[in-house]
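Asks: Return atomic coordinates for the entry below.
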Amino acid sequence: MSLIHSTDPDFRVCQISFETLLAIQLEAEERSLATRWSSVDALRSQVKDGAVVLQALMREERGGAVRAYRCLVLFSSADGKEAGGITTIDLDPARFESLERLDRDPDVRKALVRMFSLATGGISMLSKQ
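Replies: Okay, the predicted model is just below:
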């Protein structure tokens, strides 16, 4: 797997529906992709029904072709709390290419990259001093 940088042509940030995430999960199960939830039920138990944001993170290449894209998934937790979660999921290249991008503007791309960087490093609610 090789990292995807924000300057790479296949870098993208996309907002998808919960139904699209379920379809991605089913495709990952069918293709036996490495990074996914153990089942659709497991996904439903952790992810709240609503919009989810994906960011390209890595690409898996075999024989000179991309086999899968590993993406970060930022979502609202299904447990009823206001907290969200972040994890990874592998996508089929055709599905990845079909997703509508949010990051076409360079300033927006930079802000979204920063947001995902903070999310993967951990975010805590702080009281001001």
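
Asks: ok so Phe116 is a helix residue?
Replies: Yes: applying DSSP: H, G, I helix; E, B strand; the rest coil, one finds Phe116 inside a helix.

Asks: Just say helix, strand or coil for the nearest residue to it once chain neighbours are set aside.
Replies: Sequence neighbours aside, Gln55 is the residue nearest to Phe116 in space, at 4.8 Å (criterion: C-beta to C-beta, 6 or more residues apart in numbering). For the C-beta atoms, the positions are set from N, CA and C on the backbone; glycine is no exception. Under three-state DSSP, Gln55 falls in the strand class.

Asks: How many residues are close by Gln55?
Replies: Neighbour count for Gln55, taken as other C-beta atoms under 10 Å: 26.

Asks: quick one: contacts for it?
Replies: Contacts here follow C-beta atoms under 8 Å, 6 or more residues apart in numbering; on that basis Gln55 touches 12-13, 71-72, 74, 112-113, 116.

Asks: if I look at it, how far off is Met125?
Replies: Using C-beta to C-beta, to the nearest Å, Gln55 is found at 22 Å from Met125.
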